[in-house]
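Enquirer: below are the sequence and a predicted model; questions follow.
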Amino acid sequence: MATSAAELLAGEDKARLKECGRQSCTRVFIDRSRGGNRIWRGMEACGNRVKAANYRSRRRAQERSSSSAAA
C-alpha cells in the first residue's frame, strides 16, 4: 500500500488528487472529471449528504423569513 501511495504522489495523477469536500469525510480521491472540478469523492456517499444538508438549511431560512414577514 505504501508503494502504491508513493507511486500516486510521484505520478501524473498527483495534480488531480483531492480531499473530499464533505466536512466529516477524511478520504482523498483522484478527480478524473473532464473539468477537474469535482468536489466530493462520490455523489452516493458524500455529495448527496452535502446537497441535502444545504437544501434543509435553505428551507429553514425560508420558513423563518416567511414567518417573520407574516408577524
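Expert: The structure has been received and is ready for your questions.
Enquirer: stretch 8-16: end-to-end distance?
Expert: 10 Å (C-alpha to C-alpha, to the nearest Å).
Enquirer: roughly how far apart are the closest residue to residue 28 other than its chain neighbours and residue 57?
Expert: Once flanking residues are discounted, residue 28 sits nearest to residue 19: 5.3 Å by C-beta to C-beta, 6 or more residues apart in numbering. Backbone N, C-alpha and C define where each C-beta goes, glycine included. The gap separating residue 19 from residue 57 is 22 Å, by C-beta to C-beta, to the nearest Å.
Enquirer: quick one: the strands in the chain?
Expert: 17-19, 28-30 (DSSP state E).
Enquirer: next, the buried residues of the last one.
Expert: By 16 or more other C-beta atoms under 10 Å, the buried positions in strand 28-30 come out as residue 29.
Enquirer: what about the residue nearest to residue 28, neighbour count?
Expert: Neighbours of residue 19 under the rule other C-beta atoms under 10 Å: 12.
Enquirer: can you put the strands of the chain in a markdown table and add mean pLDDT?
Expert: Formatted as a markdown table, these follow (pLDDT from 0 to 100):
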| stretch | mean pLDDT |
| --- | --- |
| strand 17-19 | 89 |
| strand 28-30 | 88 |
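Enquirer: which of those strands sits closest to residue 50?
Expert: strand 17-19 (13.7 Å; C-beta to C-beta).
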